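> can you look at this prediction? I've put the sequence above it.
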Amino acid sequence: MSSASPTLEQHLAILRERMQHPTAYDRALDYFLNVFAEDTKVSGLGERDESLGLRHLLTEATCGVLGKRTQLTALVMLHVREHGFYHGCAAANGRLMMFFYCKSLDTGIMGLVPGLKGPTEAVRFRLSRSPNPQVNN
């Protein structure tokens, strides 16, 4: 287990770099899970904030992975303002959905556990490319 809290900016820089890989989204998701999610100081960092319209986009991404309509329940969305970083989780059709989003990159990664094709499905998304990025149902 690694701890992100003492060197948060350094770990965020590594995460941002991995988020930009053209196909290996799972590398970013694995890094997030191993470095950020296991650090209790970081996993609860930020304040609740759904202002970006991420709920709609995350719901659409989850539906795309599952191949059917579903609702996100127990959604927790945290915003670490000083780093322009969002992270959180929800339940989706009996699965755990987790995500992180970097505002400066307009890039996020959503993971669905368990996935349909393996232990985890990873999807990269961009808020600006959403058909309706400001909808927040």
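Everything's here; your move. Bear in mind the structure is a predicted one, so any value in this text is a computation, not a measurement.

> how long is stretch 111-122 from one end to the other?
Stretch 111-122 has an end-to-end distance of 5 Å (criterion: CA to CA, to the nearest Å).

> mind starting the numbering at 773 from now?
Okay, residue one is now 773; in that scheme the one you just asked about reads as stretch 883-894.

> what's the helix or strand bottoming out on mean pLDDT in the chain packed up against?
Taking mean pLDDT, DSSP states H and E as the measure, the helix or strand of the chain with the lowest value is helix 812-815, at a mean of 74. Contacts defined by 3 or more CB pairs under 8 Å, 6 or more residues apart in numbering; DSSP states H and E place helix 812-815 against no helix or strand at all. Placement of C-beta: from N, CA and C, glycine included.

> what about it, distance to the chain center?
Here the centre of helix 812-815 is set off from its chain's centre by 15 Å, with CA atoms, centre = their mean, to the nearest Å.

> could you export it as PDB, CA atoms only?
Taking C-alpha atoms only, helix 812-815 is exported to PDB below (Å, rounded to 0.1, in the frame of the first residue of the first chain):
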ATOM      1  CA  THR A 812      -8.100   7.200   4.100                       C
ATOM      2  CA  LYS A 813      -6.800  10.800   4.200                       C
ATOM      3  CA  VAL A 814      -7.300  11.100   0.500                       C
ATOM      4  CA  SER A 815     -10.300   8.900  -0.100                       C
END
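
> got a pLDDT number for Ala833?
What the model reports as pLDDT for Ala833 is 89.

> swap that for Arg841, please
Looking at Arg841, its pLDDT is 92.

> and for Asn908?
29.

> quick check: which element contains the residue nearest the centre of the chain?
Centroid check for the chain by CA atoms, centre = their mean gives Phe871 as the closest residue, at 1.5 Å. When elements are assigned from DSSP states H and E, Phe871 belongs to strand 867-874.
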